[in-house]
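got a predicted structure here, sequence first:
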Amino acid sequence: MKLITIAAISVFFVVADIQAQTKMFVSNPAALQILKGNYNPVRYKSSAIIDHPDSVRMGIIRSVNSTRMMNLLARLETFYNRNSGSDTLSKTTGIGACRTWILSYFDQVSKDNDNRLVTGYLEFDADICGKGHHKNPFALLPGSDTSNNEILVIEGHFDTRNEGRCDTTGYTPGMDDNGSGTVLVMELSKVMSRYSFKNTILFTTPTGEDEGLFGAKAWASFLSDQGVKIKSVLNNDIVGGIYCGQTSSPPSCPCFGCADSTHVRIFSYSPAKTPFANSAHKQLARYMKYVQDVLINPYLATPMVINIMQGEDRTGRGGDHTPFRQKGYTAVRIISANEHGNGTGKAPDRNHTIKDVIGKDLNGDGQPDSLYVNPGYLARNTILNGVVTGLLASAPAKLPITAEVRYPGARIMLPKGYTGADGFIIGIRKFSSNSLEFDSVYRIRQTKCIKIKLEKGQKYFVSFAPISRGAPGLFSDEFEVN
């Protein structure tokens with residue numbers, strides 16, 4: 001992606017849902033009102049307001065703590081079996097003890113931050129491995145502006161499974177799949193609670209993913225039924241591992257034992273009738289790549305490369321972003337570049353087996369020496385989620401632009417009287433490159449007329465994102481320019 005900064009220039013130019021969740025409700029009544037925007041923001045105001053996008057961005061980059069997340073992973077492993085049908089009565093093992101621990105963590109984070117988080121469970125009924133009632137732990141960070149009731153979602157399922165789909169008693173550590181996504185959500189609830197955002201942020205760890213995306217389906221249906229608007233959904237599932245396994249669902253890693261701690265894949269949906277990947281979900285992925293390249297990487301010792309993938313998920317696989325997309329919400333899946341397993345749970349896979357542990361003890365001292373969940377890599381993926389969500393939670397709304405296409409170019413028109421931004425980003429993709437990413441990105445100050453010279457005879461896809469106080473909003477829908 002070529003980035004060009006311009007002061008002022010003169011631009012012409014599917015998965016069927018067959019399993020139902022019923023009797024859905026949130027355990028904390030205040031949470032429902034916050035989701036609907038019916039609350040007084042002053043009640044959740046921070047005692048020390050930090051809300052400038054640059055301060056928030058740099059604070060997140062500097063505050064994400066890999067040691068803290070690895071400690072959370074070690075604690076997560078002690079619950080032994082996190083199958084959605086496992087024990088709900090024990091206080092130390094099983095899915096019930098685990099979700100209680102996650103909720104207590106959210107509660108403690110709230111106490112440490114002026115009681116700003118509103119916590120609870122999204123509860124629902126569904127038949128999963130013999131259990132009929134289930135709970136998704138969550139924490140809400142209420143926004144300061146209720147005039148635009150859009151929320152942002154960061155999620156990572158906390159349940160696990162073995163080769164046997166309903167093995168409810170065996171050891172299922174699930175450290176990468178998906179302990180990594182679980183502790184990412186927990187860490188960001190802690191890091192982001194000290195900042196103030198215009199939009200409400202929902203941190204949640206759904207259950208039932210490994211048995212059929214039950215928890216995410218419950219969230220997507222509940223929020224849709226309540227009329228809640230969502231700006232973005234970031235689903236984190238397998239975001240800590242760096243080693244390539246002997247089996248891995250394509251498109252994936254190149255060779256057994258290969259390591260990759262500098263790339264991350266983003267999967268998202270685009271309709272089959274749009275072969276050049278024009279969709280709101282792909283636009284969110286492109287936004288994330290822009291943020292990583294321009295606003296995060298310069299401040300990392302190890303920069304990250306985002307690979308935007310063609311499909312909604314790996315071949316024959318699925319994730320918790322899909323139910324949200326099916327309800328009309330913009331959603332993506334973040335997943336490691338390398339994956340150790342194809343989901344069958346059969347040797348030599350680690351995913352969905354008792355081998356999905358933090359690491360391996362090579363010298364017999366009782367401590368893992370070779371880490372299967374890489375702390376630095378997990379932290380960098382956590383930073384990506386936090387910065388993207390933090391910027392969007394304070395950014396201008398997506399632009400409803402129109403385009404008048406005419407020879408020799410296109411006239412792009414903002415809504416009359418639009419004053420919601422102090423600058424814009426223009427993303428351009430060449431038809432001939434067949435790329436999922438922007439070929440060029442222009443950053444400009446607000447002006448009435450901008451001209452960008454394009455190649456004669458070339459077809460382009462063009463979209464705009466507004467900027468306010470340094471926080472870029474989502475890119476508009478793409479339109480063609482010939």
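That came in fine, so what should we check first?

CA atoms for contacts and neighbours, from now on please.
OK.

which stretches in the stretch 51-200 of the chain count as helices?
53-63, 66-77, 94-111, 180-192 (DSSP state H, counting those that start in this stretch).

can you lay out these as CSV showing mean pLDDT and mean neighbour count?
Formatted as CSV, these follow (pLDDT from 0 to 100; neighbours: other CA atoms under 10 Å):
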stretch, mean pLDDT, mean neighbour count
helix 53-63, 98, 18
helix 66-77, 98, 18
helix 94-111, 98, 21
helix 180-192, 98, 26
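
columns distance to Tyr460 on top of those helices, output as a markdown table?
Formatted as a markdown table, those follow (distance: least, CA to CA, whole Å):
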| stretch | distance to Tyr460 |
| --- | --- |
| helix 53-63 | 31 |
| helix 66-77 | 41 |
| helix 94-111 | 46 |
| helix 180-192 | 36 |
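
out of these, which comes closest to Asp159?
Closest of these to Asp159 is helix 94-111, at 7.3 Å (criterion: CA to CA).

just want the angle from the closest one to helix 180-192.
Orientation of helix 94-111 against helix 180-192 (axes from the mean of the first three to the mean of the last three CA atoms, to 10 degrees) gives an angle of 20 degrees.

could you give the angle of helix 94-111 to helix 66-77?
Using the same axes, to 10 degrees: helix 94-111 against helix 66-77 is 150 degrees.

could you name the helices and strands sitting against helix 94-111?
Contact partners of helix 94-111 among helices and strands, from 3 or more CA pairs under 8 Å, 6 or more residues apart in numbering; DSSP states H and E: strand 118-128, strand 131-141, helix 180-192.

and these as JSON lines, adding distance to Ile60?
As requested, the helices and strands packed on helix 94-111 are arranged in JSON lines below (distance: least, CA to CA, whole Å):
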{"stretch": "strand 118-128", "distance to Ile60": "21"}
{"stretch": "strand 131-141", "distance to Ile60": "15"}
{"stretch": "helix 180-192", "distance to Ile60": "7"}
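
and the protein, what are its domains?
Following automatic domain parsing, one finds the domains of the chain at 2-13+398-481, 22-392.

so for Gly376, which of the helices of the stretch 51-200 of the chain sits nearest?
Per CA to CA, nearest to Gly376 of those: helix 66-77, 6.3 Å.

that closest one: how far from the chain's middle?
20 Å (CA atoms, centre = their mean, to the nearest Å).

stretch 254-265 now?
Stretch 254-265 sits 20 Å away from the centroid of its parent chain (CA atoms, centre = their mean).

would you tell me which of the helices of the stretch 51-200 of the chain gets closest to Gly227?
When the helices of the stretch 51-200 of the chain are compared by CA to CA, helix 180-192 sits nearest Gly227, at 24.2 Å.

beyond the closest one, next helix or strand please.
Sequence order places strand 200-204 as the next helix or strand after helix 180-192, per DSSP states H and E.

and that next one, what does it pack against?
strand 131-141, strand 150-155, helix 180-192.

need those in JSON lines (columns: distance to Asn351).
Shown next, in JSON lines, are the helices and strands packed on strand 200-204 (distance: least, CA to CA, whole Å):
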{"stretch": "strand 131-141", "distance to Asn351": "22"}
{"stretch": "strand 150-155", "distance to Asn351": "19"}
{"stretch": "helix 180-192", "distance to Asn351": "12"}
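
so which of the ones you listed is nearest Thr419?
When the helices and strands packed on strand 200-204 are compared (using CA to CA), the closest one is strand 150-155, at 19.8 Å.

and Phe106, how far from Lys459?
49 Å (CA to CA, to the nearest Å).

ok, the closest residue in space to Ile95 that isn't next to it in sequence - contacts?
Using CA to CA, 6 or more residues apart in numbering and skipping the chain neighbours, the partner closest in space to Ile95 is Arg82 (4.6 Å). Arg82 makes contact with Gly94, Ile95, Cys98, Phe158, Asp159, Thr160, Arg161, Thr168, Thr172, Pro173, according to CA atoms under 8 Å, 6 or more residues apart in numbering.

would you confirm that Ser394 contacts Ile201?
No: using CA atoms under 8 Å, Ser394 is not in contact with Ile201; the gap is 10.9 Å.
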